[in-house]
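Participant: compute the structure for the input listed below.
(2 chains)
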Number of protein chains: 2
Amino acid sequence: MPDPEADRLDALHAVLKSGSVVKATRMLNALHPSEMAHVLQSLPPQQRKVVWGMVDDEVEGEVLLYLNDDLRDELLRDMAPSRILAALDGLETDDLADLVQDLPATITREVLSSLDEQRRERLETALAFPEDTAGGLMNTDMVTVRPEVTLDVVMRYLRRLKEGLPDLTDNLIVVNRQGRYLGVLYLTDLITNDPDDSVAEVMTLQVQPMVATLDARDVASRFEHLDLVSAPVVDEDGQVLGRVTVDDVMDLIREEAEHQFMGQAGLSETEDMFAPVLLSARRRALWLGVNLLTAFLAAWVIGRFEATIQQVVALAVLMPVVASMGGIAGTQTLTLAIRGIALGHLSATNMRWLLGKELAVSLINSAAWALVVAAIAWLWFGSIDLALIIAVAITINLLAATISGALLPLLLDRLGIDPALAGGVILTTVTDVVGFLAFLGLATLFLL
Amino acid sequence: MPDPEADRLDALHAVLKSGSVVKATRMLNALHPSEMAHVLQSLPPQQRKVVWGMVDDEVEGEVLLYLNDDLRDELLRDMAPSRILAALDGLETDDLADLVQDLPATITREVLSSLDEQRRERLETALAFPEDTAGGLMNTDMVTVRPEVTLDVVMRYLRRLKEGLPDLTDNLIVVNRQGRYLGVLYLTDLITNDPDDSVAEVMTLQVQPMVATLDARDVASRFEHLDLVSAPVVDEDGQVLGRVTVDDVMDLIREEAEHQFMGQAGLSETEDMFAPVLLSARRRALWLGVNLLTAFLAAWVIGRFEATIQQVVALAVLMPVVASMGGIAGTQTLTLAIRGIALGHLSATNMRWLLGKELAVSLINSAAWALVVAAIAWLWFGSIDLALIIAVAITINLLAATISGALLPLLLDRLGIDPALAGGVILTTVTDVVGFLAFLGLATLFLL
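Facilitator: Predicted structure coming up:
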């Protein structure tokens, strides 16, 4: 039995290609909004406009939600304000908050004035916290209960709820008369305990609520460590504001990971694979420019040694080897350190230990590989002096690479610069400059 | 109100440093097993052994579960077989299956023979599927119900369950007399509907069960798209085998992401930041060696043009600029394509479109930056010929970089080679070789 989801997507792609609009529309609208978003994201721009036109009006809002920022902005730009308002109607508050942040100010005002008072208040609460905090992630749709009522009363109350329980509700939040957090009542406990028991007897006290200002990264690690489905969010006074649910945490983990991975190539995690050529070109140009500066700095260093190279051309042949070995070794240490910081395993406390270990690793490897490179250089150019010089230069560069790779992430983090974005460029600059300087410098001193 | 979890971890680190064993033991054992694992992972080897000795015997199994593979293997190696058996006692079947795969065969046999028949059967089922499939991820602890009973009967049945409901149960699996999958009964529906309704009336039919052989990546994307907490797993005949839960999916997303990120630096995602020096050195040595081959290939290309360089030393100064621009542009395309494949957005169908777009981006950027580089080269060395040659070489290298960056991931994927691991090295080889060849080759033809 093959995967039915993948099959449906493939079938849709085939129908789109065949140009049968009616059939494609029917197939498309049988999909979950997240799957529609997936289809849109794997289509080139021309087909996207066509397919977006096929999406039923009432799910447009949800589809927008699942798109990456770039594509979402592009589609929103082409939508009339009235159509945007219609699309946003019926979204949950936290989802609405996510979308509203990307809208032009005029539309945001219209959205706010179109809501009833309770929803407007909830939306404003959600918008009050930065996106990368528990408050920014939270959903204000939740069910709270009081500790003194019996489970039977809770069950009867839930049966009367018109709109049903919010998605991903695994527990009800127990609050006192003032709305302060007391604990949670798991649905499983509600079901398996005596209906005459009180909430207070059955509720769980061990679940720590998250303060709204808690960093999103800490929220994610708490969900991962404690296997949570949902967690209550409170303000500084313990007043319950909403809850974070595991679906948003999964998205967060995915985005964080994309950010790390894409950032190393100077790309944004929101980069749309099929973005318009000019937009992509402009964004990439900046990164090429930054790296060009680095490359010219390295070229300038080489330029200082033109006279030396003219006399010993072998230096020009071998110098990229010295720079590249440093780059590779440094990137390994850098990657380890960036991950260590992201997972919370690395801090100033154990930094010295990591540096010591990485230096030891680096010494062993530079000793081993410097010998190999020296042997090859000797066989190739027949100069024992050149062989010695390249061995020493590689050792120097590997040590410099290791030190920068280990220290850069913490340093950049402290300065508020994203190590995943800037770490690689700075490291390459160091290994190129140190590599060329050490090799050509030593050669000038001892070969001429 | 600061984050209480982070505070407790910091406090523990401080007490460990102060050397107060009794206090540290007490604080450590107040933590969740996942938090203990986190503490262990952020400690250097010497302290790890001490802290591992402090962990209460009955949670050792769970702590092992949360450790990365490297550290887990290291601790298991030092444990007596009897202690391992004790630690594994009481773990859930899917967790046991994860651990057992890392144990020496003799201990696995002892574990299997120490289990009662039902658990042994379940463990064998779990071990029968590869780790990266729905079957490998699944948990066999679940509650199934029959469609014809009433909700009231289900509730009474659940109240009698001695061990309570398994963790992360958001629905009960509805099966027919033969154990075939029919649908799921959400706990929220169980609670909010009339107790006299039958399961058949209230159950949800839309939830597609996952076939045990479904690829883990597809499992994750289904959880992300449909915001699932748990999903039933069936065999080819629709017989229910178990269920996948969101905690394991979160771990999977994290691991997949780590694999991509670490792989680019030739590191394994299980790499332990504080692994022993010799182990790390040996692993890294291999990667340095592979990259050294690449570097010497580039050096060999340069070596073919020694005579040219001797006459025009400026070539040696500028050649790293040509190679590095290609490397940067190619890495960007490579990164986009690797992510596209991982997310399922990129396939052979839309590959041609991506290649076309990336080539267009690349042409625009190479035109722009080639001009800048040419202008600098002209100002620096005063040769219009040299300026023209470097502009053409950069354009050639950027186009080669883009083509390899776009095509490599799909090609490697087809060949069963991991693009996240091998893509970068191969790309750099291409951009170095093409860059040096184009620049020095053109110079030999037109400058001499």
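
Participant: grab the nearest non-local neighbour of the closest residue to chain B within the stretch 251-400 of chain A.
Facilitator: Taking CB to the nearest CB as the measure, the point where the stretch 251-400 of chain A comes nearest chain B is residue A:257, at 3.0 Å. (Each C-beta comes from the backbone N, C-alpha and C, glycine too.) Counting by CB to CB, 6 or more residues apart in numbering or on different chains, residue A:257 lies nearest to residue B:257, which is 3.0 Å off, once chain neighbours are set aside.

Participant: ok so, going back, so which strand or helix has the residue of the stretch 251-400 of chain A closest to chain B?
Facilitator: Residue A:257 is part of helix A:246-263, with elements assigned from DSSP states H and E.

Participant: just the C-alphas of that helix, formatted as PDB.
Facilitator: In PDB, the C-alpha atoms belonging to helix A:246-263 read as follows (Å, rounded to 0.1, in the frame of the first residue of the first chain):
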ATOM      1  CA  VAL A 246       2.800  21.500  19.800                       C
ATOM      2  CA  ASP A 247       1.900  22.200  16.100                       C
ATOM      3  CA  ASP A 248       3.400  25.700  16.400                       C
ATOM      4  CA  VAL A 249       6.400  24.300  18.200                       C
ATOM      5  CA  MET A 250       7.100  21.800  15.400                       C
ATOM      6  CA  ASP A 251       6.900  24.700  12.900                       C
ATOM      7  CA  LEU A 252       9.300  26.600  15.200                       C
ATOM      8  CA  ILE A 253      11.900  23.800  15.300                       C
ATOM      9  CA  ARG A 254      11.600  23.400  11.500                       C
ATOM     10  CA  GLU A 255      12.100  27.200  11.000                       C
ATOM     11  CA  GLU A 256      15.000  27.400  13.400                       C
ATOM     12  CA  ALA A 257      16.700  24.500  11.600                       C
ATOM     13  CA  GLU A 258      16.100  26.100   8.200                       C
ATOM     14  CA  HIS A 259      17.500  29.300   9.500                       C
ATOM     15  CA  GLN A 260      20.700  27.600  10.600                       C
ATOM     16  CA  PHE A 261      21.000  25.600   7.400                       C
ATOM     17  CA  MET A 262      20.100  28.400   4.900                       C
ATOM     18  CA  GLY A 263      21.900  31.100   6.900                       C
END
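
Participant: what helices or strands is the following helix or strand past that helix leaning on?
Facilitator: Read in the C-terminal direction, the helix or strand following helix A:246-263 is helix A:277-303, with elements assigned using DSSP H and E. Using 3 or more CB pairs under 8 Å, 6 or more residues apart in numbering or on different chains; DSSP states H and E as the contact criterion, the secondary-structure elements in contact with helix A:277-303 are helix A:419-446, helix B:314-342, helix B:348-381.

Participant: wait, residue A:151 sits on residue A:192?
Facilitator: No - the criterion here is CB atoms under 8 Å, and residue A:151 misses it with residue A:192 at 9.8 Å.

Participant: which one's more surrounded, those two?
Facilitator: Neighbours per residue (other CB atoms under 10 Å in any protein chain shown) separate residue A:151 from residue A:192, with residue A:151 holding more: 22 against 18.

Participant: identify the residues contacting that one.
Facilitator: Applying CB atoms under 8 Å, 6 or more residues apart in numbering or on different chains, we find residue A:151 in contact with A:190, A:193-199, A:202.

Participant: my guess is residue A:241 is in a helix, correct?
Facilitator: No - per DSSP: H, G, I helix; E, B strand; the rest coil, residue A:241 lies outside any helix segment and is strand.

Participant: how about the secondary structure of the residue of the stretch 1-150 of chain A found nearest chain B?
Facilitator: Residue nearest to chain B within the stretch 1-150 of chain A: residue A:34 (3.8 Å; CB to the nearest CB). Three states are possible here, and by three-state DSSP the one that applies to residue A:34 is helix.

Participant: centre-most residue in chain A?
Facilitator: For chain A, residue A:256 is the residue whose C-alpha lies nearest the centre (CA atoms, centre = their mean; 1.8 Å).

Participant: ok, that one touching residue A:217?
Facilitator: Yes - using CB under 8 Å, residue A:256 is in contact with residue A:217, at 7.0 Å.

Participant: need the residues touching each of these two.
Facilitator: Residues touching both residue A:256 and residue A:217 comprise residue A:342, with contact defined as CB under 8 Å, 6+ apart.

Participant: next one: phi and psi at the closest residue in space to residue A:41 that isn't next to it in sequence?
Facilitator: Ranked by CB to CB, 6+ apart and with sequence neighbours excluded, the top spatial neighbour of residue A:41 is residue B:345, at 5.3 Å. Torsion angles at residue B:345 (phi, psi; degrees, to the nearest 10) stand at phi -90, psi -20.

Participant: likewise for residue A:88?
Facilitator: Dihedral angles phi and psi of residue A:88 (degrees, to the nearest 10) take the values phi -80, psi -20.

Participant: where's the closest residue to it other than its chain neighbours, which helix or strand?
Facilitator: Distances taken as CB to CB, 6+ apart place residue A:61 nearest to residue A:88, at 5.2 Å, with adjacent residues excluded. When elements are defined using DSSP H and E, residue A:61 is found to belong to helix A:60-66.

Participant: what's the average pLDDT for the helix or strand following that helix?
Facilitator: Reading on from helix A:60-66 to the C-terminus, the next helix or strand found by DSSP H and E is helix A:69-77. Helix A:69-77 shows a mean pLDDT of 84 in the predicted model.

Participant: so is helix A:69-77 next to chain B?
Facilitator: No - on the criterion CB under 8 Å from any CB of the partner chain, helix A:69-77 is out of touch with chain B, staying 10.9 Å away.

Participant: report the buried residues of that helix.
Facilitator: When burial is assessed from 16 or more other CB atoms under 10 Å in any protein chain shown, helix A:69-77 yields the following buried residues: A:70-72, A:74-76.

Participant: test my guess that the residue of the stretch 1-150 of chain A closest to chain B contacts residue B:224.
Facilitator: Yes - applying CB under 8 Å as the test, residue A:34 and residue B:224 come out as touching, 7.5 Å apart.

Participant: thinking again about what came up before, okay if I get the buried residues of helix A:69-77 as TSV plus distance to residue B:49?
Facilitator: Supplementary listing: these in TSV, determined by distance: CB to CB, whole Å:
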residue	distance to residue B:49
A:70	49
A:71	51
A:72	51
A:74	55
A:75	56
A:76	56
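
Participant: so what's residue A:210 closest to, chain neighbours aside?
Facilitator: In this structure, residue A:210 finds its nearest non-sequential neighbour in residue A:134, 4.4 Å apart by CB to CB, 6+ apart.

Participant: how many neighbouring residues does the one you found have?
Facilitator: Residues near residue A:134, counting by other CB under 10 Å: 27.

Participant: spit out the contact partners of it.
Facilitator: A:210-214, A:216, A:219, A:233, A:244.
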